[in-house]
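In: Could you work out the structure for the sequence below:
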Amino acid sequence: MPGGRLTQQERQQIALGLADSLPYAEIARRLDRPTSTITREVMRNGGPTTYRADLAHRATEARTHRRRPGSTRGSQSTPQPHGRDAQAVAEYEERFTTILMASGLPKMTARVLTCLYTTDAGSLTASQLAQRLQVSPASISKAITFLESRSLIRREREEHRRDRYIVDDELFYQSTIASIRSNDQLVETARQGVTILGPHTPAATRLENIARFLDFISESITRAAEQAREVLHVKPETTPNGTTQPSPDHT
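Out: Numbering: from 1, shown residues only. Here you go, the predicted model:
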């Protein structure tokens, strides 16, 4: 399997594959590349609907040029705690960011969330985030606003009126519940349409079926979230082979 940077010809093949609605895995197979390489390439260059091979190639060249003078900067040169491999950490953060982007988060928002999740403290100030990601405070502020609106992070005010942004054990639960509330609003709107369009019309039947489906999904997710909430507070135990498993007290 070839390694190294994608060539301009490969990017053109990616663009053609996207135009034909091919899945990333199929495009990767045709290019003999890892699927993660194709996913990362597409998501960092506009996504599947706006990807252009020429623009992607120029953007990559520009990023490479910017990195050369400061190749010792960034997370790869930052001292890592617990004996971590800085290069492996940087590559993992890029993969994590790509997955978050694929789930619908904007690129900078995904980078901020990745940075918070991979920090042992689980919290950073805006200036710390800007320094780690080497972006402007304005970019951080916009990403923070997006994440707070979806209950993906929370804010604490420190001394000297400085805000600290935190990801903790409860946020995944709270974010799940928040998404269910949004789902419930869609159910309510669908049922309003049933009344307006007439209870026995095809359009009303369609909306009622959507509402019933989403009702069932919301109830199922709420029940599962309540049952699984404790998992977020379990400290995994390390087994002899190096894997982790929940503490017996929580099984």
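In: Poorly predicted segments of the stretch 51-200 of the chain, please.
Out: 63-79 (pLDDT under 70).
In: pLDDT of stretch 206-216, averaged?
Out: The average pLDDT within stretch 206-216 is 94.
In: Stretch 17-29 too?
Out: On average, stretch 17-29 scores 90.
In: List the buried residues in it.
Out: 17-18, 22, 24, 27-28 (16 or more other CB atoms under 10 Å). For the C-beta atoms, the positions are set from N, CA and C on the backbone; glycine is no exception.
In: Contacts for it next, please.
Out: Stretch 17-29 is contacted by residues 13-14, 30, 34-35, 37-39, 42, 48, 51 when judged by CB atoms under 8 Å, 6 or more residues apart in numbering.
In: Only the buried subset of these, as a PyMOL command please.
Out: One line in PyMOL is enough to select the buried ones among the contacts of stretch 17-29; burial here means 16+ other CB under 10 Å:
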select buried, resi 13+14+37+38+39+42+48+51
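In: For the nearest residue to residue 198 once chain neighbours are set aside, which three-state class applies?
Out: Closest residue to residue 198 apart from its sequence neighbours, by CB to CB, 6 or more residues apart in numbering: residue 204 at 5.5 Å. At residue 204 the chain is in helix, as set by DSSP: H, G, I helix; E, B strand; the rest coil.
In: before we move on, which element is the residue nearest to the spatial centre of the chain in?
Out: Nearest to the mean C-alpha position of the chain, by CA atoms, centre = their mean, lies residue 100 at 1.6 Å. Residue 100 is part of helix 86-102, with elements assigned from DSSP states H and E.
In: if we can go back for a sec, gap between the residue nearest to residue 198 and residue 212?
Out: 12 Å (CB to CB, to the nearest Å).
In: neighbour count winner among those two?
Out: residue 204 (18 against 13; other CB atoms under 10 Å).
In: got a list of what the more buried one touches?
Out: Per CB under 8 Å, 6+ apart, neighbours of residue 204: 193-194, 197-198.
In: For the residues you listed, which ChimeraX command selects only the ones that are buried?
Out: In ChimeraX, a selection of the buried entries from the contacts of residue 204 looks like this (16+ other CB under 10 Å):
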select :193,194,197
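In: closest to residue 152 among the contacts of residue 204?
Out: Distance to residue 152 across the contacts of residue 204 (CB to CB) is lowest for residue 193, with 30.3 Å.
In: isn't that closest one right up against residue 207?
Out: Yes. If you go by CB atoms under 8 Å, residue 193 and residue 207 touch, sitting 4.4 Å apart.
In: just so I have it, where are all the strands in the stretch 1-150 of the chain?
Out: With DSSP state E, counting those that start in this stretch as the definition, the stretch 1-150 of the chain shows strands at residue ranges 123-125.
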